[in-house]
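Peer 1: When you get a sec, could you give me coordinates for this:
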Amino acid sequence: MKKLCILSLLFAILLGCSEEDPLVENESLSQNDAVLKTLKSWGISDDLIEDKGTYYLVDGDMVFYKNKKYHAPKKSSAKQREHPNAVTINSINVFINPGMNADWRNASINAIGRWNAASSGLLLNITTTVANAHIQIMYDSQDPSVNLASNVFGRGTFPTANGLPGVRIWVNPDFNACSGAITQNMRISNVQHEIGHNLGMMHTNQTSASLIPGTPNTDAQSVMNGGQACSIDNFSAGDFLAIRHLFPPLTIAGSSLICNTSTVTYTASISTIPINWTTSSNLQIISSTNTSITVRPANSAYNGSEFIEATLPSHTVRRNIWIGEAVVDLSMIEFENGIGESGYFCSSHTGNTYSIAPRLSGTTHQIRLRRYPNLSIVYSPSTNYSGDSGTLQYTPTPGWYLFEVRRTNSCGTTAWSGTEVEFVDCSNGGGGGEEF
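Peer 2: Next up, the predicted model:
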């Protein structure tokens, strides 16, 4: 069977264009050869391009209309870059032609569901009105201009320069190139594959496409592999990485810290997908819109970790927030010494380190040591150390000490609190840290 194409907004042929290279639009797209020149400038060979009259067919299932605009790089260089024809909208309406049989309608619905389950910043909405659709899924026989061969499962269209997805996907109910019967999962996976084309993804196994950052060099499990209509299944781990690169997941911007009486607003990075805001029990919602939420602590005396959640139609995004002054969990303070053992310090070695819990951003801390049994302060640097860990710049005589710490954030400074630690002469090895 001929290749089923996978478009990634990244053309290999665009071996890169540096950031300074300008991008130009073809000026005479009404002429039959303008788009052809663009395709060739991307490095697509003549044997992969078929002239179908009103459009060029690339690699068997990717349509480039002659009256559309497709950006082309002025020149290539060693630096790779994404193809300019990116889909720039996040909420995309899909019309499923009701004239298809139940198997193909359900396959289209399930394929859309798989895309929506990718936890990306993309939402595909099923619409029953053609006029509202960005993408239409139909049989090839429902379009007089298209007639797919019996060994072609489907065909998609590539996004043009307007930031919208390719308009049409044609599927072939008469496909018969597999060794056995056509299964429902084959239908789902191939619609899933063609949707990828309309959203700007090329074949994973195609030599004329460059890697999307973070994806593997090869991916035998990719649903976007070409020439594998009878065997592709569902998104691979690499496919998910590619989708989230092209459609970055929603993020929630705002302070990671709320002081006990403050009111803070958090903003979603995507405004076109419906969001339902919720919070944990110690945060009170003051107001919310589809793009933001304003909250304050429900209890002004509370210190601790809370969260905000933005629930989208397909998944939920959480933003963790700390309320009030930092705290010190004495049971989770960790000590490590200069000989690589934990639980005690060495009086004979430098390199004694400590870490404080819980781990919190935007904090500083101070430390000091008291010597048992009278708990006199023997070490008390004035430095406010950043972060949650540090190295003790002091090596006292062996014995038991009280290690004390206090933490500061923009909400205030905690009281001193401490836990016992033993300093051991490690000249002949370790073995300290017994119960005091």
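
Peer 1: got the buried residues for stretch 234-254?
Peer 2: Buried positions in stretch 234-254, judged by neighbour count with 16 or more other CB atoms under 10 Å: 235-236, 238-239, 241-247, 249-250, 252, 254. In short, each C-beta sits where N, CA and C put it, glycine included.

Peer 1: In strands, which of these fall?
Peer 2: Assignment to strands by DSSP state E places the following of those there: Ile252.

Peer 1: Tell me which two of the buried residues of stretch 234-254 sit farthest apart.
Peer 2: Taking CB to CB, the two most distant members of these are Ser236 and Gly254; they sit 33.8 Å apart.

Peer 1: tally of neighbours for the residue nearest to Asn217 when sequence neighbours are not counted?
Peer 2: Distance criterion CB to CB, 6 or more residues apart in numbering; nearest residue to Asn217, sequence neighbours excluded, is Leu211 at 6.8 Å. Residues lying near Leu211 (other CB atoms under 10 Å) number 15.

Peer 1: A helix includes Leu211, no?
Peer 2: No. Judged by DSSP: H, G, I helix; E, B strand; the rest coil, Leu211 forms no part of a helix; its state is coil.

Peer 1: how much space between it and Asn276?
Peer 2: Separation of Leu211 from Asn276 (CB to CB, to the nearest Å): 36 Å.

Peer 1: and Thr339, backbone torsions?
Peer 2: Check again: residue 339 is Ile, not Thr. phi -110, psi 10 (degrees, to the nearest 10).

Peer 1: thought it was touching Ser348?
Peer 2: No. Assessed by CB atoms under 8 Å, Ile339 is found out of contact with Ser348, at 9.0 Å.

Peer 1: Mind listing the shared neighbours of these two?
Peer 2: Contact criterion CB atoms under 8 Å, 6 or more residues apart in numbering; residues shared by Ile339 and Ser348: Cys426.

Peer 1: which residues sit in contact with Gly412?
Peer 2: Contacts were defined as CB under 8 Å, 6+ apart; by that measure Gly412 touches Cys259, Gly324, Glu325.

Peer 1: Could I get those in CSV, plus columns for distance to Arg368, pLDDT and neighbour count?
Peer 2: Below are the contacts of Gly412 laid out as CSV (distance: CB to CB, whole Å; pLDDT from 0 to 100; neighbours: other CB atoms under 10 Å):
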residue, distance to Arg368, pLDDT, neighbour count
Cys259, 26, 94, 18
Gly324, 23, 95, 23
Glu325, 19, 95, 20
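
Peer 1: okay if I get those residues as TSV plus secondary structure and distance to Thr291?
Peer 2: TSV is the format used below for the contacts of Gly412 (DSSP: H, G, I helix; E, B strand; the rest coil; distance: CB to CB, whole Å):
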residue	secondary structure	distance to Thr291
Cys259	coil	24
Gly324	coil	27
Glu325	coil	31
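
Peer 1: Tell me which residues touch Phe64, please.
Peer 2: If a contact means CB under 8 Å, 6+ apart, then Phe64 has Val35, Leu39, Tyr55, Tyr56, Leu57, Val58, Tyr70, Thr157, Phe158 as its contacts.
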